[in-house]
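**Q** Here's my sequence, what's the structure:
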Amino acid sequence: LKTDIMTSPALVPDLPLPCNGSPALCNLPVTSVLFPGVHNAMSSEADGFQAPNNLLGLEDALDAGIRAIQLDSCDCGGSLGLQMCHGECYFLGFIALGHRDPRTTFANIKAFLDDNPREVIVIDLQVSDGTLDALYYDVLDTIPGFTDMMYQHPRRRDPWPTLGTLIDSNQRILFFQHNGNNCRIEGGCPPGIMGTFQHMFDTPWDLDEEGLLDYDGSCTKNRGLITAQFMLSNHFADNGLFPSLDISRNVNQLSVLRDRHEYCREKLEKEANVILVDFWSIGGVIKYAKEENERRAGVAFGANITEAVVTPQRTTLSPTFRPSVAPSMVLSELPSERPSRSPSALPSEIPRSAVTSSASPSKETQGRSVGAASGPVISAASAQNAVTSSAEYGSARWAAGLMITFAACAHLL
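**A** Now for the predicted structure:
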């Protein structure tokens, strides 16, 4: 009898439902939440890109805890047409740089959200070649339920809803775009797509390592309105030509993330909402976002709220384009096998989009120097501890760079 009483459903209190992994975040306005993010998420070694920005693909990133995804759309011409690529699919018209099928990319994002109904994500699309309308009407609008999940903010200055409100209404995709249509005019953008720099301001995006670690220079407003309610922190650097795994090992350290964003918070009087990194599986961006969100929730409500442990699930995972040989890294706690499910009710072809290119903006940096962090690399979390061979990766990058350079010289001659 005692056992029956203690296990009666009426006497067992319901655990609070989580929002992005924690019940403490549900009552926070979305403009107070930090979303750990991936720069050029379509560009990964796993997806066959040359000089990639990441080792692992965006599906693995979502599983590990990444909640902001920056993607690039482009028109590759010919039979390829609309693709997810970094500006162009081929260098000099014949050297493949890498691309991903947009239908598969967004169908897999939708599958993740279906499998994890208490998660909200941010998507920021950099549009090349005037591809926004084609992406929306020929891809997003054909994936069942995708556009229904896109939240449309009514007016720029209006308060944003809480994370819990977005989840309860199942509007769990915050979809932004830049370099494409003018979302400031009525009907300028497809429904559910918002202008990135209408609602966000960002920090400089084209820094080397020294520039990024010069906090006074890298913690400056770059693009966007000064009154924007979201802050996007570009926390990545390159070696002047390609994304750098070695640089990312340094700048992605938990200590560097803490130090830089504390400095940015004090200088800009705004807390970051999206932090974009290269090589997300190296370093501490996911762990930093978790501890920072706990701090913000505690400040907002005056006490720490006990968290439920929530592990994201995914059953539809496999993009159509994957290398036959696994890359030289292991993500220790991600599923080793992924059952593939083809997205249903999708068109077989995507029409080519009209070509209207737009230029990238510039940025300024200045201020005092902050020395590069030293010491061992701090792992982001057990769910994203990637073990990779730096020598193998460096050799592949060197070979790709040599090939591109040789081809450019041959073309000029």
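**Q** All the strands of the stretch 1-150 of the chain, in order from the start?
**A** 35-38, 68-75, 82-84, 90-91, 95-96, 121-127 (DSSP state E, counting those that start in this stretch).
**Q** can you check the stretch 151-300 of the chain too?
**A** Under DSSP E, counting those that start in this stretch, the stretch 151-300 of the chain gives strands at 173-178, 193-195, 200-202, 230-234, 274-277.
**Q** if we look at the last one, which residues are touching it?
**A** Which is strand 274-277. For strand 274-277, the surrounding residues in contact (CB atoms under 8 Å, 6 or more residues apart in numbering) are 34-39, 68, 70, 122, 124, 200, 230-236, 248, 251-252, 257, 261, 283, 285, 288-289. The way it works is simple: take the backbone N, C-alpha and C, and place the C-beta from them, glycine included.
**Q** redo that, cut-off 7 Å
**A** With CB atoms under 7 Å, 6 or more residues apart in numbering as the test, strand 274-277 has contacts from 34-39, 68, 70, 122, 230, 232-236, 248, 252, 285.
**Q** tell me which helix or strand of this protein sits lowest on mean pLDDT?
**A** strand 329-331 (a mean of 35; mean pLDDT, DSSP states H and E).
**Q** Bridge partners for the residue nearest to residue 194 when sequence neighbours are not counted, pull those for me.
**A** Excluding the flanking residues, the one nearest residue 194 by CB to CB, 6 or more residues apart in numbering is residue 176, at 5.2 Å. Bridge pairing for residue 176 (DSSP bridges) gives the partners residue 124, residue 194.
**Q** Can you say which of the strands of the stretch 151-300 of the chain is nearest to residue 155?
**A** strand 193-195 (11.1 Å; CB to CB).
**Q** Give me the helices and strands touching that closest one, please.
**A** Here strand 193-195 touches strand 173-178, going by 3 or more CB pairs under 7 Å, 6 or more residues apart in numbering; DSSP states H and E.
**Q** between the strand it packs on and strand 68-75, how many degrees?
**A** 50 degrees (axes from the mean of the first three to the mean of the last three CA atoms, to 10 degrees).
**Q** begin at 28 from here
**A** Got it, first residue is 28 now, which makes that one strand 200-205.
**Q** Quick one: list the elements packing against strand 200-205.
**A** Contacts defined by 3+ CB pairs under 7 Å, 6+ apart place strand 200-205 against strand 148-154, strand 220-222, helix 223-226.
**Q** what about the residue nearest to residue 310 when sequence neighbours are not counted, neighbour count?
**A** Of all residues not flanking residue 310 in the chain, residue 279 sits nearest, at 2.5 Å (CB to CB, 6+ apart). Burial of residue 279 is recorded as 25 neighbouring residues (other CB atoms under 10 Å).
**Q** C-alpha coordinates for stretch 258-276, PDB please?
**A** Extracted in PDB, the C-alpha atoms of stretch 258-276 (Å, rounded to 0.1, in the frame of the first residue of the first chain):
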ATOM      1  CA  MET A 258      24.000  41.500 -30.400                       C
ATOM      2  CA  LEU A 259      25.800  39.100 -32.700                       C
ATOM      3  CA  SER A 260      29.400  38.500 -31.700                       C
ATOM      4  CA  ASN A 261      31.700  37.300 -34.500                       C
ATOM      5  CA  HIS A 262      34.200  35.300 -32.400                       C
ATOM      6  CA  PHE A 263      36.500  33.800 -35.100                       C
ATOM      7  CA  ALA A 264      39.700  34.800 -37.000                       C
ATOM      8  CA  ASP A 265      41.600  33.500 -40.000                       C
ATOM      9  CA  ASN A 266      45.200  33.400 -41.000                       C
ATOM     10  CA  GLY A 267      44.700  35.900 -43.800                       C
ATOM     11  CA  LEU A 268      43.600  33.300 -46.400                       C
ATOM     12  CA  PHE A 269      41.800  30.300 -44.800                       C
ATOM     13  CA  PRO A 270      40.100  29.500 -41.500                       C
ATOM     14  CA  SER A 271      42.600  28.200 -39.000                       C
ATOM     15  CA  LEU A 272      42.200  25.300 -36.700                       C
ATOM     16  CA  ASP A 273      45.200  26.400 -34.600                       C
ATOM     17  CA  ILE A 274      43.800  29.900 -34.200                       C
ATOM     18  CA  SER A 275      40.400  28.400 -33.200                       C
ATOM     19  CA  ARG A 276      42.000  26.200 -30.600                       C
END
